[in-house]
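Asks: Build me a model from this:
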Amino acid sequence: MGLDEMKLLAIALFICSLKAGAAETYAYKVPGPEFIEKKNSAVLITPSTPVKSQDGIGLCYGFSSTSLLETFRCKEMNLDCNDPKEFLSTFDVTSHYKSGGLEEGGQASRILSSIASSHPKIAYESCARFSTLVHQNQNEGKAWHYLTNIWTEFKNNPKENNCISCLADSVKTRLGHIKTPAGQIEEAFKTAKTVEEFLYKTILPSECLDDSQMAAVPEFAAYTYPSLKEKFDEDKLKEKIVSLLSAGIPVEIGICADRTYTENCENRQGHSIALYGIKEVCSKRTKECRKLVKVKNSYGEGWQKRFNDGWLDMDTLVKSSVSFATFDNISWIQKK
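Replies: Numbers count the residues shown, from 1 in each chain. Predicted coordinates for the structure are as follows:
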């Protein structure tokens, strides 16, 4: 692995390390009530699927990637993005970060580049539902961590856990909504070499990955900014974001979302969000004007309502992003 790849991996490992419960952080700055929207300044990107919740599981980068793919697909194929039948499986989209695995913490740009180059079909959310694992007993990520723990215990104590069919039955009993057949779960216990592979094989029913049952996505090109050796600063990043959003192109951005934020993002707490609009607001009192961006955050509708329906100060988000990463801060997709 070369130095550049090692740097990329180092950044990727930090993204999504912040859980949904720690949402009130430095990056999310809401303008005061004295700021009024400047007439005709707003650009809101549509179509867009509804905001979803990652339920404390570190797949924010998969949610952002899914959102961009859904918007592109709906726009190019003239589909109804509010129709649940058109939603793409976040689990399947995330699996393209590491082929055949589901990993907490990663980069949206890598997912989008992988899908752009291999041009696969994607499972529908209606078949491989994220909701089968979330909000179990009002405990964030409980089902996900249950699967992680049962596989780890099985691998560490194979002699004490030699009844694989019993383990598969336990999964089916504990996770009543999961559609994966018991036989497929047994096979996952037998063949998975990593917990990421086990999660993928257990969570995504094989029927959802039948090519005839999957969603086609029109060909696209994936882009990132800045490149590894490209010189940039906050102003250049803002300029790039403004140009893309103004052109109706949604943007994924990696930010530092650490409660104890410093200029260098010392704890390296990262998060991936999608931007779906831009507008200008001005204070009647001071005449100061600011640009706001429309954030689509995988912390769910509750977060959106608490944070000005997602309209946040762009300067603060960009500063947070620059503190977190020095390349691939934003990613987006466009028609070839």
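Asks: just the strands in the stretch 101-250 of the chain please.
Replies: 220-225 (DSSP state E, counting those that start in this stretch).
Asks: Could you tell me which ranges of it sit under the pLDDT cut-off?
Replies: The stretch 101-250 of the chain contains residues with pLDDT under 70 at 135-140.
Asks: Quick one: the helices in the stretch 101-250 of the chain, in order.
Replies: 108-118, 142-156, 164-174, 182-191, 195-203, 234-246 (DSSP state H, counting those that start in this stretch).
Asks: Kindly state the domain boundaries assigned to this structure.
Replies: The chain breaks down into these structural domains: 3-126+213-335, 130-203 (assignment by automatic domain parsing).
Asks: Need those domains in TSV (columns: mean neighbour count).
Replies: The way it works is simple: take the backbone N, C-alpha and C, and place the C-beta from them, glycine included. Below are the domains of the chain laid out as TSV (neighbours: other CB atoms under 10 Å):
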stretch	mean neighbour count
domain 3-126+213-335	19
domain 130-203	16
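Asks: can you pull the pLDDT of Tyr336?
Replies: Quick fix: residue 336 is Lys, not Tyr. Reading off the confidence values, Lys336 has pLDDT 89.
Asks: Also Glu288?
Replies: So, for Glu288, pLDDT stands at 95.
Asks: Quick one: classify Leu275 as helix, strand or coil.
Replies: strand (DSSP: H, G, I helix; E, B strand; the rest coil).
Asks: oh, I was asking about Cys282
Replies: Quick answer, by three-state DSSP: Cys282 is strand.
Asks: Is it bridged to anything, and to what?
Replies: Beta-bridge partners for Cys282, by DSSP bridges, are Ile36, Cys289.
Asks: now Lys335
Replies: Under the criterion used (DSSP bridges), Lys335 bridges to Phe220.
Asks: From Ser48, how far off is it?
Replies: 17 Å (CB to CB, to the nearest Å).
Asks: I'd assumed Gly105 was in contact with Glu196.
Replies: No. With contact defined as CB atoms under 8 Å, Glu196 does not count as touching Gly105 (10.8 Å).
Asks: got the contact list for Val30?
Replies: Phe307, Asn308, Trp311, Leu312, Asp313 (CB atoms under 8 Å, 6 or more residues apart in numbering).
Asks: hmm, I was thinking of Gln184
Replies: Gln184 neighbours (CB under 8 Å, 6+ apart): Lys201, Thr202, Pro205, Ser206.
Asks: Just flag the most distant two among those.
Replies: Greatest spacing in these, by CB to CB: Thr202 and Ser206 (11.1 Å).
Asks: still on that earlier bit, between the helices of the stretch 101-250 of the chain, which gets nearest to Thr286?
Replies: helix 234-246 (20.9 Å).
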